[in-house]
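Q: what's the 3D shape of this:
(4 chains)
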There are 2 protein chains.
Amino acid sequence: MAAHKTDEFGKKEQDLAAFAKAISHPARIAILKVLAQRNECICGEIVEILPLAQATVSQHLKALKEAGLINGTVSGPKSCYCINWEAFDNFQSSFNTLFDKLKNSNQKSCC
Amino acid sequence: MAAHKTDEFGKKEQDLAAFAKAISHPARIAILKVLAQRNECICGEIVEILPLAQATVSQHLKALKEAGLINGTVSGPKSCYCINWEAFDNFQSSFNTLFDKLKNSNQKSCC
DNA sequence: CTTGTTTATCGTTTTTATACGATAATGCAA
DNA sequence: TTGCATTATCGTATAAAAACGATAAACAAG
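A: Residues are numbered from 1 along each chain as shown, chains lettered A, B, ... in the order given. Reported below is the predicted structural model:
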């Protein structure tokens, strides 16, 4: 009975929802904070900081990468991640566009 | 094997993640748009608009209500929903605070 | 070449989300 | 009171997310 009927919504709604889902887990927010602090992109240091197993952290990194929020390259045996600032700005402005559009109405809470 | 270890992260991360999760589904974004357009709070009209069953829409409305993004009151046999603008502003500023804090670093993408 | 380090992926388990039909509950109208 | 419309909840099924151990792959160093 087909869970997930997301196809039947507009592309904007889908993109925004996907973005939101990418940051809908505290671990992924924490990862973004770490990556933003240390501009020299980190890899296994994230595993040290987060209270999660290495495999789990790798999974979250993959999710963030697939959402386009971070870049990742392999450098030798290590992996180097960093924030994709361009996508990040798009992300933020998409959110604010949505919020502002919603607020264009008269903002009368009837209940 | 305990899925969900969210307790081990900071409260801010958790709150933000919860907010993001609330809008991480296109149906819920669509609901917010409908509610913002029609300031006279709607109820079953949302069911007409969305390509989802009544029970599913009710579930999404419940999720948005529990996240604090909308208010809901029963008026007779019908239910009246509308956006909680105060919570919505908090939501938006939380997001922008996070984004701006992240962008305080030098924004050098190393990979 | 072998060893050790680092990280991604696989397989699995548990939990949560999504979706819907059916039903219950609520109150309006006749 | 009886019926009708509206909506929330229950039960259930399927899919996705979250977490981890184990393993494989890639490479540096010896």
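
Q: correct me, but A:Asn96 touches B:Asn96?
A: Yes. When contacts are counted by Cβ atoms under 8 Å, A:Asn96 is listed as touching B:Asn96 (7.2 Å). C-beta coordinates here come from the backbone N, C-alpha and C atoms, glycine included.

Q: So which residue is smack in the middle of chain A?
A: The residue lying closest to the centre of chain A (Cα atoms, centre = their mean) is A:Ala22, at 3.6 Å.

Q: Next up, the contacts around it.
A: When contacts are counted by Cβ atoms under 8 Å, 6 or more residues apart in numbering or on different chains, A:Ala22 touches A:Arg28, A:Ala63, A:Leu64, A:Ala67, A:Leu69.

Q: can you list the residues of chain A near DNA strand D?
A: Within chain A, the residues that sit near DNA strand D (Cβ under 7 Å from any atom of the strand) are A:1-4, A:21, A:24-25, A:27, A:52-56, A:59-60, A:63, A:74, A:76-77.

Q: Drop anything exposed from those.
A: Those of those that meet the buried threshold are A:Lys21, A:Ser24, A:His25, A:Ala27, A:Leu52, A:His60, A:Ala63, by 16 or more other Cβ atoms under 10 Å in any protein chain shown.

Q: Most widely separated two among those residues?
A: Taking Cβ to Cβ as the measure, these reach their widest spread between A:Lys21 and A:Leu52, a distance of 18.4 Å.
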